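**Student:** Please find the sequence and the predicted model below.
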Amino acid sequence: MEGHLYQRGKGKTWYLRYDEPTLRDEKRRTRNVRLGVMSKSAAEVKKRDLLRQVDEGVWQQRTTVEVV
């Protein structure tokens with residue numbers, strides 16, 4: 001699986017954009033994950049680890065639920 005690293009704004013926060021694996025009849029879903037503030041080389045390492053987990057089906061994007 002391939003992914004793309006990018007930064008937004010003037011901060012040092014790295015983000016990862018990748019296409020989520022889907023079934024044949026579903027549309028492609030693009031996911032954006034905030035990796036955090038780090039160097040580019042550290043972001044590359046984190047990217048490889050995260051994409052490996054996605055390929056293995058271990059990693060799921062965290063969602064936050066607000067309780068009212």
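**Tutor:** That came in fine, so what should we check first?

**Student:** now the residue nearest the centre of the chain: how far from residue 24?
**Tutor:** With distances taken as C-alpha atoms, centre = their mean, the residue of the chain nearest its centroid is residue 33 (3.6 Å). Counting by C-beta to C-beta, to the nearest Å, the gap from residue 33 to residue 24 is 24 Å. Placement of C-beta: from N, CA and C, glycine included.

**Student:** With residue 5 instead?
**Tutor:** 28 Å.

**Student:** Please apply the same query to residue 49.
**Tutor:** Counting by C-beta to C-beta, the gap from residue 49 to residue 24 is 28 Å.

**Student:** out of those two, which sits in the more crowded spot?
**Tutor:** More neighbours surround residue 49 than the other of residue 49 and residue 24, with 11 against 4 (other C-beta atoms under 10 Å).

**Student:** does the more buried one count as helix, strand or coil?
**Tutor:** Per DSSP: H, G, I helix; E, B strand; the rest coil, the secondary structure class of residue 49 is helix.

**Student:** From residue 35, how far out is it?
**Tutor:** Using C-beta to C-beta, residue 49 is found at 10 Å from residue 35.

**Student:** cool, and residue 20?
**Tutor:** For residue 20, the distance to residue 35 - C-beta to C-beta - is 16 Å.
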